[in-house]
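**Student:** missing the sequence, but the structure's below:
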């Protein structure tokens, strides 16, 4: 429509020119105008065609962009779904592993409870056996004729502290029977002993472990034995007992003195918070009857090291004060 208007407008101009001008000049002007009009019309046609092509390309590009956007949405949705599935699977695996660990911990707690109960039962049985053993020793030492005849057994084999301790743990009771002879003259024969640990450096002794002092310096009356660490009173009287226990740095020990299985005194050493050696010592005076058993043992489980060497001696001593 626009080109038709341009042509009509140009025709009108040509008519006007032919009316006012005549001859060759007017015709030349009219021809030139028509040529230019044709060129303008052709250019306008080409522009319309190019515009139409551009519109078609734009439509194609929009379609392609729309497809790309849809594909991106589908891909992102798929990736998101896969990520959620993997996270859900990981969470599920973690939950299963957590439940498995909880079950194993519950089983371990039950096993620990059973071990604790069995340990308590074993300690009770040990104490019962210890009481029975003490009663048997007392009975034998009071009733056997060897005690009055002064027979001293020579067949006992010396044992190390560790060996004796292991045998006690394994067998609960010692099978070696001690027979302590009384003094020939009970009114004059002195009773006294002193012994120490020659070399000792052992960690973590359990509760109620009997201490054995293997080096004997004095043993008048032959009441103390270096093989089991027990003093058996040769005769009735009031005795004084003294002990000294050395401990390594950062250690804790509590040692009690026992007469026939009953504690009558206790002493402790605590170096857990200090960087130095410790010493625990105790002194008791008590009445002891003929055949009574006196020894030292751990009151609690020892934390750290019990020590004895040429600089620090752990020792045990006792003597009859009067009868």
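**Tutor:** Now that the structure is in, tell me what you want to look at. The structure presented is a predicted model; accordingly, all values stated were derived computationally and were not measured.

**Student:** how about the helices in the stretch 1-150 of the chain?
**Tutor:** Using DSSP state H, counting those that start in this stretch, the helices found in the stretch 1-150 of the chain span residues 2-20, 24-143, 145-149.

**Student:** where along the stretch 201-323 of the chain do the strands fall?
**Tutor:** Taking DSSP state E, counting those that start in this stretch to define them, one finds strands in the stretch 201-323 of the chain at 215-220, 231-232, 237-247, 252-259, 262-270, 278-288, 293-298, 305-308, 315-322.

**Student:** I'd like to know which of those is closest to residue 58.
**Tutor:** The stretch from those with the least distance to residue 58 (Cβ to Cβ) is strand 252-259; that distance is 90.9 Å. From N, CA and C alone the C-beta is placed, and that goes for glycine too.

**Student:** roughly how far is the closest one from the heart of the chain?
**Tutor:** Relative to the mean C-alpha coordinate of its chain, strand 252-259 is positioned 30 Å out (Cα atoms, centre = their mean, to the nearest Å).

**Student:** hang on, the earlier thing: of the helices of the stretch 1-150 of the chain, which approaches residue 310 most closely?
**Tutor:** helix 24-143 (33.7 Å).

**Student:** and the closest one, what's its mean pLDDT?
**Tutor:** Averaging the model's pLDDT scores along helix 24-143 yields 79.

**Student:** of the helices of the stretch 1-150 of the chain, which approaches residue 305 most closely?
**Tutor:** Using Cβ to Cβ as the measure, helix 24-143 is the one of those that comes nearest residue 305, at 23.5 Å.

**Student:** relative to strand 262-270, how tilted is that closest one?
**Tutor:** Per axes from the mean of the first three to the mean of the last three Cα atoms, to 10 degrees, the angle that helix 24-143 makes with strand 262-270 is 140 degrees.

**Student:** ok now helix 24-143, how far from the chain's centre?
**Tutor:** Taking the mean of its C-alpha atoms, helix 24-143 sits 35 Å from the chain's own mean (Cα atoms, centre = their mean).

**Student:** Ok, stretch 232-244 next?
**Tutor:** Using Cα atoms, centre = their mean, the mean C-alpha position of stretch 232-244 is found 46 Å from that of the whole chain.

**Student:** same deal with stretch 299-310?
**Tutor:** The offset between the C-alpha centroid of stretch 299-310 and the centroid of the whole chain comes to 25 Å, using Cα atoms, centre = their mean.

**Student:** Contacts made by that stretch with the rest, please.
**Tutor:** Identification of contacts with stretch 299-310 by Cβ atoms under 8 Å, 6 or more residues apart in numbering yields 196-207, 245-256, 263, 266, 268, 271-272, 277, 314.
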